[in-house]
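Asker: okay, here's the prediction I keep looking at, along with the sequence it came from:
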Amino acid sequence: MAKDVIIACDFAQEAETMAFLEQFQEEKPFVKIGMELFYACGPEIVKKIKKRGHPIFLDLKLHDIPNTVKKTMAVLSALDVDICNLHAAGTSAMMKAALEGLTRSDGTRPLLIAVTQLTSTDQEALEQELLINEPIDQVVMHYALNAKNAGLDGVVCSPLEAAKVHAACGTDFLTVTPGVRFADSAKDDQKRIMTPAKAREAGSDYIVVGRPITQASDPVAAYRRCAAEFLGK
Ligand code: C5P
């Protein structure tokens, strides 16, 4: 199975994003485009980054009625991205509709992964606001299984949950894990973190790394260090 480092390009503008990517002349890293950049620049930013040769994880976390998600996924699939995502809370019907929308006429489609519970949601919010009374880690595993049973390819989760997800959903079910930091770098606002090497040992399939690379004085060197640690090269 392909393992890779995905750089979270959490920039607000096209110029900043392209200037960052221009530093990469030899390799074309996997890039995550989030809501901020997509809503600021529109689909053109996806096309521009794709044109530079980067695989793309379009992190838009769709959550709507099945028909709307299906039709929106067809639009995103036409952008030729490599990974899309949605909220598993949208139900199995929504997840299955998303897969239908993503599948192109030739049968190919981007990988589709689910967000289970946002890491910003804690047990208290789950119980008091969402009226879900199960322990949050059980909710996360249950939503991961729902995603697996709907035919999705994996979930976004903490590297600390990767082994558990693989045990519940199979080793082929992808774990895409943010919350990665070098042993000697700042934690920023991340709380539950792992180094790239530990994430590899934990079974993460893709690590999503933002600030340790984007804010580094030498981003290319930081990316290479991250890839070397994660891929064990
Ligand atoms: O800069 P940093 O490495 O913390 O960036 C991590 C990226 O992963 C950000 O784009 C963040 O929004 C995303 N993410 C996360 N935790 C989640 C889901 C997504 O950090 N649970």
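Answerer: Everything's here; your move. Numbers count the residues shown, from 1 in each chain.

Asker: phi, psi of whatever residue of the chain ends up closest to the ligand?
Answerer: For the chain, the residue closest to the ligand is Gly210, as judged by C-beta to the nearest ligand atom, at 2.5 Å. For every residue, glycine as well, the C-beta is placed using N, CA and C. Main-chain dihedrals, Gly210, degrees, to the nearest 10: phi -100, psi -100.

Asker: ok, for it, nearest residue in space, not its chain neighbours?
Answerer: Distance criterion C-beta to C-beta, 6 or more residues apart in numbering; nearest residue to Gly210, sequence neighbours excluded, is Ala8 at 3.4 Å.

Asker: quick one on the thing from earlier: list the contacts of the residue of the chain closest to the ligand.
Answerer: 7-10, 32, 178 (C-beta atoms under 8 Å, 6 or more residues apart in numbering).

Asker: in its sheet, what does the helix or strand where Asn85 lies sit against?
Answerer: According to DSSP states H and E, Asn85 maps onto strand 83-87. Sheet pairing of strand 83-87 (DSSP bridges) gives strand 56-62 (parallel), strand 111-115 (parallel).

Asker: show me what the helix or strand following the first one is packed up against.
Answerer: Per DSSP H and E, the first helix or strand lying C-terminal to strand 56-62 is helix 66-78. With contacts taken as 3 or more C-beta pairs under 8 Å, 6 or more residues apart in numbering; DSSP states H and E, helix 66-78 sits against strand 56-62, strand 83-87, helix 92-102.

Asker: and the helices in the protein?
Answerer: In the chain, the helices defined using DSSP state H lie at 14-22, 35-41, 43-51, 66-78, 92-102, 123-128, 136-150, 162-169, 196-202, 211-214, 219-231.

Asker: need these in CSV (columns: mean pLDDT and mean neighbour count).
Answerer: Listed next are the helices of the chain as CSV, based on pLDDT from 0 to 100; neighbours: other C-beta atoms under 10 Å:
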stretch, mean pLDDT, mean neighbour count
helix 14-22, 97, 15
helix 35-41, 96, 15
helix 43-51, 98, 15
helix 66-78, 98, 17
helix 92-102, 98, 20
helix 123-128, 95, 13
helix 136-150, 96, 19
helix 162-169, 96, 19
helix 196-202, 96, 19
helix 211-214, 97, 22
helix 219-231, 98, 18
